[in-house]
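Participant: Have a look; sequence and predicted model below, questions after that.
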Amino acid sequence: MSDVIRLLPESVANQIAAGEVVQRPASVVKELLENALDAGAKSIKLTIKESGKSFIQIVDDGKGMSDTDARLCFERHATSKIKEAKDLFSIRTMGFRGEALASIASVASVELRTRQQGDETGTLIIIEGGELITQEPVATSPGTSIIVKNLFFNIPVRKNFLKSNNVEYKQIVEELIHVAMAFPEISFIMSSEKVEIYHLIKGSLRNRIIGIFGKKYDNYLVPVNEDTPLVRISGFVGKPDAAKKTRGEQYFFVNKRFIRNPFFNHAVVNAFEGLIPGDSFPFYVLFFEIPYEKVDVNVHPTKTEVKFEEEKEIYMILKATVKKVLGQVHFAPTLDFEHESFLNNLRKLENDKISDDLKLRVNVGTSSPSGRIPIPSAQKSSEKDWKELLKILNHETEEKVPRHEESMQHVIPGLGVEKDYEENFSRQDNKLIQVHQKYIFTSIHSGIMLIHQQYAHQRVLFEEFMQNVQNKDTPSQKQIFPEAIEFTEGDFQIMNELKPLLEKMGFMIEEFGKRTYLFNGIPTNLKQINSKEFIEELLEEYKSNLGNVPSNPLVLLAQSMACRLAIKAGEILDKEEMSLLIDKLFACENPYYSPKGKPVFMKIDKSELDKKFE
């Protein structure tokens, strides 16, 4: 029998490796940025076209490469970062595998220009699909410029799996943010389609965060600085006001390397318990400095998964530290033991394990939410009622991925109750009772009905918004003092998509500088709101709906508007308000489900009640 095992050609092996290392344009950006950092760059410029699909260029002023190194860097497992196996246990550079450039060159056209300080000429190398095309001397500036064109040109199936330009663009922005926040002492410039997106000058971490997310974050940042024998934690957490309904502004760095760690995220979220709603996520940018031999970054090619030798202990230190800084700025949770004593003992006993018994006392301040559009005259909630509302909201759980409303009609009992409703509610003496300030209870001809007041109002508002947009009859009201709102780059891209739809809904919007929109007018039915606060919360609601069915932007925006403006659990309604809400609900095309597919009401037949008591 003939032999069947053979070595793969180098080009095939590189394409296989590229499947792990180069998943999308953002992967290329990440690897090239890390190479620039390892080269000692003080200034890095990123330029992209078509969200990186057709063109990516990174120029740095690092130490550059010799002509031999310039060619060798495109070979698999060729690296200057490590020399022997033991070096893997004390990695101090961003890259070390020696796979990135070989993988990139195997699936794209690459042009490299590099020159070392002191050399008269540099080196030009052109590689296409892993094949060397050109290597020759060239006049170029000190440092390195690398251009990646036509990514996945030789793997069309892989190219077809890339997402839309907006999605790929956002991924590239995130990769730049990861690197730029970790190295505020380095300047970064990013341009897309000849438009400068970021110009981040070197400075402090605080200034870098403000440069990325906007000036408003200057008021949100609470500094964190704790030093223990196991780990040094520094950076910032956001005040409760900075919490959002969507993930995305949570950043962990280990020895300046961005990582993802749900375990540590849980520690920070727990530290905010009682300060933010249960469905919100805090803002934080936190850095861990840990001895290199106590952390393993050689887990996955993307290097965002990291293993820790003392993960549980770091979890407890992180949780206690965040609680401490929040307590110091009077947001509340206070520790029942001396935090300083706890950490001092830890410093003295480096090898001791940290107790898991942290007893916390939470003192929560409350305030009434703004921008709410209730059913007329429903403004009766006292401070006590709002405290009860916060308790309800903090313990209320909802499905993360709601089912499509039209696919659920067979699930909910009580379909076809319009006739019962019309017969019974025409009577003047019909009783409507609010239960737990959340449900409306009433009798109908065939039994009883419970209506979820929040979901009912969401359905009413959703259909009103959709009808107004389709009829193009949403009136606007000019604001006396127009509101300028600055967005993060990712949110600004979403606003660009939503601007035409928001204008159809009655908003008057115009661009007003870099990543800023000016809101000159709002729909007349929103005249009582704070437009800046409303737009920011609407955007968060919209992002939280992304990925749910349906995916039509207009429907998602109408959903978000309805969810943002609807009355909430805990709102006190009188009989006229309950009756008006029910009238509007059963005038809807689909009164059975909320815009997110939640059941709006439940009917229990009289026969079922009789069985229970018999």
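Facilitator: Received the coordinates, thanks.
Participant: thought residue 150 was touching residue 56?
Facilitator: No - Residue 150 is not in contact with residue 56 according to C-beta atoms under 8 Å; the separation is 10.4 Å. Backbone N, C-alpha and C define where each C-beta goes, glycine included.
Participant: between those two, who's got more neighbours?
Facilitator: residue 56 (26 against 15; other C-beta atoms under 10 Å).
Participant: State the distance from that one to residue 204.
Facilitator: As judged by C-beta to C-beta, to the nearest Å, residue 56 and residue 204 stand 29 Å apart.
Participant: Around residue 293, count how many other residues there are.
Facilitator: Neighbours of residue 293 under the rule other C-beta under 10 Å: 11.
Participant: Closest to the centroid, which residue in the chain?
Facilitator: Closest residue to the average C-alpha location of the chain: residue 248 at 2.2 Å, with C-alpha atoms, centre = their mean.
Participant: Residue 226 versus the residue lying closest to that one once chain neighbours are set aside, what's the distance?
Facilitator: Nearest residue to residue 248, sequence neighbours excluded (C-beta to C-beta, 6 or more residues apart in numbering): residue 490, at 7.3 Å. Distance, residue 490 to residue 226, using C-beta to C-beta: 30 Å.
Participant: who's more crowded, the two?
Facilitator: residue 490 (20 against 17).
Participant: Wait, a helix at that one?
Facilitator: Yes - counting by DSSP: H, G, I helix; E, B strand; the rest coil, one finds residue 490 located in a helix.
Participant: give the contact list for it.
Facilitator: By C-beta atoms under 8 Å, 6 or more residues apart in numbering, the contact list for residue 490 reads 170, 173, 174, 248.
Participant: same for the strand ranked longest in the chain, what does it pack against?
Facilitator: Counting by DSSP state E, the longest strand found in the chain is strand 476-486. For strand 476-486, the packing partners by 3 or more C-beta pairs under 8 Å, 6 or more residues apart in numbering; DSSP states H and E come out as strand 516-523, helix 531-545.
Participant: how about the CA coordinates for it, as CSV?
Facilitator: Output of strand 476-486 as CSV, limited to C-alpha atoms (Å, rounded to 0.1, in the frame of the first residue of the first chain):
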residue,chain,number,x,y,z
SER,A,476,-42.3,68.8,14.6
GLN,A,477,-41.6,71.6,17.2
LYS,A,478,-38.5,73.8,16.9
GLN,A,479,-36.5,74.0,20.1
ILE,A,480,-35.7,77.4,21.5
PHE,A,481,-32.2,76.1,22.5
PRO,A,482,-31.0,73.5,20.0
GLU,A,483,-29.1,70.6,21.6
ALA,A,484,-25.7,69.6,20.3
ILE,A,485,-24.9,66.0,21.1
GLU,A,486,-21.4,64.4,20.6
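Participant: On the three-state scheme, the residue nearest to the centre of the chain is what?
Facilitator: Classification of residue 248 using three-state DSSP returns coil.
Participant: tell me the phi and psi of it?
Facilitator: Backbone torsions for residue 248, taken as degrees, to the nearest 10, come to phi 140, psi -20.
Participant: I'd say residue 123 and residue 65 touch.
Facilitator: Yes - using C-beta under 8 Å, residue 123 is in contact with residue 65, at 7.1 Å.
Participant: Now do the shared contacts for those two.
Facilitator: residue 114.
Participant: Report whether residue 40 is found in a helix, as I expect.
Facilitator: No - assessed with three-state DSSP, residue 40 is coil; it does not lie in a helix.
Participant: Can you tell me the closest non-neighbouring residue to it?
Facilitator: Once flanking residues are discounted, residue 40 sits nearest to residue 62: 4.9 Å by C-beta to C-beta, 6+ apart.
Participant: what's near enough to touch the one you found?
Facilitator: When the contact criterion is C-beta under 8 Å, 6+ apart, the partners of residue 62 are 36, 39, 40, 41, 143, 144.
Participant: Over to residue 43?
Facilitator: Neighbour list for residue 43: 60, 61, 186, 187, 188, 189 [criterion: C-beta under 8 Å, 6+ apart].
Participant: Can you tell me how far the third one is from residue 524?
Facilitator: Spelled out, it's residue 186. 49 Å.
Participant: Which one of those two is surrounded by more residues?
Facilitator: Just comparing residue 186 and residue 524: by other C-beta under 10 Å the higher neighbour count belongs to residue 186, 21 against 11.
Participant: ok, that one touching residue 41?
Facilitator: Yes - using C-beta under 8 Å, residue 186 is in contact with residue 41, at 6.5 Å.
Participant: tell me the secondary structure for residue 151?
Facilitator: coil.
Participant: Can you tell me which of the helices and strands packed on strand 476-486 is packed in deepest?
Facilitator: Greatest average neighbour count among the helices and strands packed on strand 476-486 goes to helix 531-545 (a mean of 20), per mean count of other C-beta atoms under 10 Å.
Participant: what separates stretch 131-139 from the chain centre, distance-wise?
Facilitator: Stretch 131-139 sits 42 Å away from the centroid of its parent chain (C-alpha atoms, centre = their mean, to the nearest Å).
Participant: no wait, stretch 304-315
Facilitator: Distance of stretch 304-315 from the chain centroid (C-alpha atoms, centre = their mean) equals 23 Å.
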